[in-house]
Each structure stands twice: as structure tokens, then as C-alpha cells.
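>>> After the sequence you'll find the predicted model.
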Amino acid sequence: MNGVELLSPPLLQLLKRLDRALEGQRRTLLLARRRFLKKLPDPSSTIRRGAWQVRPLPLPLQKRQVEITGPADPKIIINALHSGADVFMADLEDAATPAWEVQQRGQVALYHAARGQLRYESPEGKVYVLDPDYQTLLFVRPRGLHLRERHYQIEGRPIAASFFDTAVFLYHNAEVLLKRGAGPYLYIPKLESAAEARLWADLLTLCESFLGLPLGTVRITVLIETFPAAFQMEEILYELREYIAGLNAGRWDYLFSIIKTYQYRKDFLFPEREKLTMEQPFMRAYAEEVVRAAHRRGALAIGGMSAFIPDRKNPELNARAFEQVKADKSREIAQGFDGAWVAHPDLVPIVKELFKEGLGGRPNQLHQIPKGEFDPSALQAFPEISEEGLSLASLRRNVEVALLYLSAWLRGQGAVALFNLMEDTATAEIARAQLWQWLHAKNPPSIAGSTEVVSYLLYEKLIQESSQAYPEVSAEAVQFLRELVYSPRFIPFLTSYGYGKYVR
């Protein structure tokens, strides 16, 4: 593909070695996740009392104040690496789809980007060329442990997508990135425990050994985006101490994970998505614990995503949204975060200036450690639905976002601009999980200002209205959403379910 032999014989040897060494462990850990639905993992007093630190941060990773994220799409990679952000994270998971063509195209684009040779010509004939001397650091987010890559099989079974993505990227690009004065940098998604972190450490060690790289050459940042992981942040840092450079507060997946964790509690109901802000006590506690755990052990704390997509034709909308972005990032700076995520290049200079002022020219805030100790109860101080009931407009928006996103996902698009927000798998997961939760509650919530309650009939009405209002909604996406929401049992990931049933 594009002159790149993606799966050369030596790389195939590495993939087989990873599968034989780690696949059994991966399967065992995925089974162990079921236990977290009944009992969350416990912190380790021994690890928390220790005076250990993670491997010192290399110079390129000491300043990560603005990070931009997006799919591993050639045009987006070029624009992101020219944006002035400190980091661009190319996402092979939540901003992509598992379709083989999408994953291949992403790896090929990363191959050319690492070498400063990426070029893209739009259907309209506009040409984008990557500056070979770009300064933004390239990170890659492989897919999580729960996904498999069925297009590459070992002994008749699909390889773990995490093993595949990591090995392919490191094999082709580790040495090239080191020669650029940077390094092979990864974002690790969907971890749920320290035991899973240990598996990732083993995976990275095996890759380094095969490629002849010194221990700790690969540096990673772990997304704290599952509820169980919030109870073992320091333990995760400990298991990955030779590799880890930071923790990230992945707020959207974290909210989804809470719903999933409490799926058997039919009396547990979250209010509307727009009320689940970082100002909620349970989310403030989560953010503060990310900073506390990371800084105690010498790692950076990277804040959450600002998903706003500017509209250059609507200055009034932009002005309001920019103020919200500034408030959100100012809060993160005050909490001690060393950087934050944005979804659009126009937000980079705004957030960069906030960090420049807030940190007084320092590269990070490692010296700032929140007072107090880890308090598990603070993470569980959840809000409730108001007595008036759910907003019908919010419920309708969940249906719209889910249908529009699933329609795009089935077409191979993993990140979609909807209603001036960048929606990806994480936000679609929240939308469908809330719809499932409200429908299957012991007492389904009422709708504010009416005598109606959440029901199949109401959902079918909203699905029909959304399908009529948005021609791009496909019949397949409607069926997909029905299966996700109407299933008596909560489906853990729309990606693995959709990959198995809908993606060719």
C-alpha cells in the first residue's frame, strides 16, 4: 500500500512471538474485568507507601501543554503536526473504525509522517504537504485489549488488535523517530487494572527486545478512562514505571465506564450528559486524583478533551464556546494539570496562551501535588436525575448523536463533527449507554414537563424523527442502535460488537 510493505516477514515473526507469549494472559485479564462489575480493584498499600518514581522524563516530553488529537488520516495528521501543538495523538481506536482499510491506511500514513514525507491531495485537487522539519511530537493510540484484528490470524484465530497496532507502529517507526530527536510514543487506552498495565509492560519489553531497543525507549501515557482504573492509578504507574510518562484524564470514556460498571444496579441513573461536567464533585475528585497520582510519582498529568469545533462563519457561537474552553482549561491549570487536549487547530493558540500564563513559563507543574490522600468515596459521589425528570431535548440529542455517529462509523469514519462538537466512539458510547440505562431502570425516569416516561415507544418515536430529519442516518445504523439499547444485557463495547456484526 503506497509503496509500504506493511507486514514484512520479520514483523510477522514479532507478531507471532507476541501472540504466543501474551494472548493467554490477555484473555484471562478480559475475563477478570467481569469481577469489577461486582467489586472494584483495591489499591495496594505496599506500592502506595513506597518511595519509587517512574523513569525520568526525557527532554522532549517535559512540555506537553497543548495536545491535539484525531484519526490517523493524512490530511488531519498534516494539519495537526502544523498546528503548533506540543503533541499530536493519532488515534487508531476511538477516532477510527476497525475496518481493515482504515487501519492499513492509518499505519501507512504514520509511516510517512514519521519520515516527514506525508502528502495528501483532496478530491478537489488541493495539495497538503507535511513540513519535514515539523516540531510537534507524534503519539499513537493503539486499539484496546478488548479488540481483535480479524484480518491477521495466527493459528486460525485473530490477533489482539493492541498487539498488532503496537508492533506494526514500533517496527516501522521507532528508529526513525529516535533519529528525529524524539522517540516512539504511545497512548494506552482502556486499562482497567494494574494487572493489565503489567501486560502492557510485557508487550513493550518484548517489542523493544525484538527491535534491539534499550529498555524504556518506548514512552507511553495511560488514559485513565475506565472507572476501575481510577482506583489503581498509582499501581498502574508502578507496573509501567520503566515506560510511563503521564496519565490522561479521559473524561468521556470514564463516564461511559461508570454506567457500564453499575449496569446491574437498576436504581443507578445518571442525569443528562450536559450535566455531567467537570464541576461535578465526583469528576473533580477524579481529576484531582489523576494529578495527585501522576505528580507523586514523577509523571505528567494531561487534562481532558475540549471537543468544540469552531465555525468560522459563526463568530458569535465561537465567542461563547471560546469562553467555555478558556474556563475549562483554566480549571485544569488550577488543579495542577500539565497540559490539555483539543480537537481543532483553532483552539491550540488559545489553550497554549492559557498554559503560558498559568505556568509562568515553566514546562510543567510536577511540583504541584494536591493535598490529602486517595478517597474512593469521593469518586462515587454521583449526581441524580432531577425531580422534574429528564429533558426531552437532551434525550433526543442522545438519539441523534448515536444515530449520526453510528451511520458515519459504518461508513468507516471514526470522528464526526456534530452540532459543533467532535464526537467519537467515547461520546457515542455515552449516548447509547444512557439510553440503555434509562430504559432498563427499575423505575424508568419521567420526561420533564409531561406525563410521559422513558419507554420503547418513546425511543421508537425519537428514532423515526431523527431518521427523517437527517437523511445521512442509515437503516443499518438504526438497527445497530436498537440492538445496543434494547438488548436486555449491556453490550460492553459498540466497537467489538459492531466489528463482529457490521464491519466487513
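Thanks, I have the structure now.
>>> Poorly predicted segments of the protein, please.
Scanning the chain for pLDDT under 70 picks out 1-2, 504.
>>> Please parse it into its domains.
9-41+64-305+313-376, 387-501 (automatic domain parsing).
>>> most neighbours per residue, which of those?
Ranked by mean neighbour count, the domains of the chain are led by domain 9-41+64-305+313-376 with a mean of 20 (mean count of other C-beta atoms under 10 Å). (C-beta placed from N, C-alpha, C; glycine too.)
>>> how long is it from one end to the other?
48 Å (C-alpha to C-alpha, to the nearest Å).
>>> how far is it from where the chain is centred?
Offset of domain 9-41+64-305+313-376 from its chain centre (C-alpha atoms, centre = their mean, to the nearest Å): 6 Å.
>>> Can you classify residue 64 by secondary structure?
Assigned by DSSP: H, G, I helix; E, B strand; the rest coil, the conformation of residue 64 is coil.
>>> separation between it and residue 253?
Distance, residue 64 to residue 253, by C-beta to C-beta, to the nearest Å: 20 Å.
>>> related to what we said a few turns ago, would you convert the domains of the chain into a markdown table that also reports distance to residue 51?
Output for the domains of the chain, formatted as a markdown table (distance: least, C-beta to C-beta, whole Å):
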| stretch | distance to residue 51 |
| --- | --- |
| domain 9-41+64-305+313-376 | 10 |
| domain 387-501 | 35 |
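>>> Pull up the gap between the nearest residue to residue 193 once chain neighbours are set aside and residue 194, please.
Spatial nearest neighbour of residue 193, excluding adjacent residues (C-beta to C-beta, 6 or more residues apart in numbering): residue 41 at 5.1 Å. Relative to residue 194, residue 41 is positioned 7 Å away (C-beta to C-beta).
>>> Pull up the overlap in contacts between the two.
Shared contacts of residue 41 and residue 194 (C-beta atoms under 8 Å, 6 or more residues apart in numbering): residue 232.
>>> The stretch 351-500 of the chain: helices as residue ranges?
Along the stretch 351-500 of the chain, the segments classed as helices by DSSP state H, counting those that start in this stretch run 392-410, 425-439, 456-469, 475-486, 494-501.
>>> which strands and helices sit next to the first one?
It refers to helix 392-410. If you count contacts as 3 or more C-beta pairs under 8 Å, 6 or more residues apart in numbering; DSSP states H and E, helix 392-410 packs onto strand 416-418, strand 421-423, helix 425-439, helix 456-469, helix 475-486, helix 494-501.
>>> Helix or strand for residue 287, just tell me which one.
If you go by DSSP states H and E, residue 287 is part of helix 281-296.
>>> Give me the residues contacting that helix.
For helix 281-296, using C-beta under 8 Å, 6+ apart, the contacting residues are 224, 230, 233-234, 237, 246-249, 251, 254, 276-278, 300-301, 303-304, 332, 335-337, 365-370, 372, 374-375, 378-383.
>>> 7 Å instead?
224, 230, 233-234, 237, 246-247, 249, 254, 277-278, 300-301, 335-337, 366, 368-370, 374-375, 378-382 (C-beta atoms under 7 Å, 6 or more residues apart in numbering).
>>> ok, now stretch 439-447?
With C-beta under 7 Å, 6+ apart, stretch 439-447 has contacts from 266-267, 269, 385, 389-390, 392, 438, 452-455, 459, 485.
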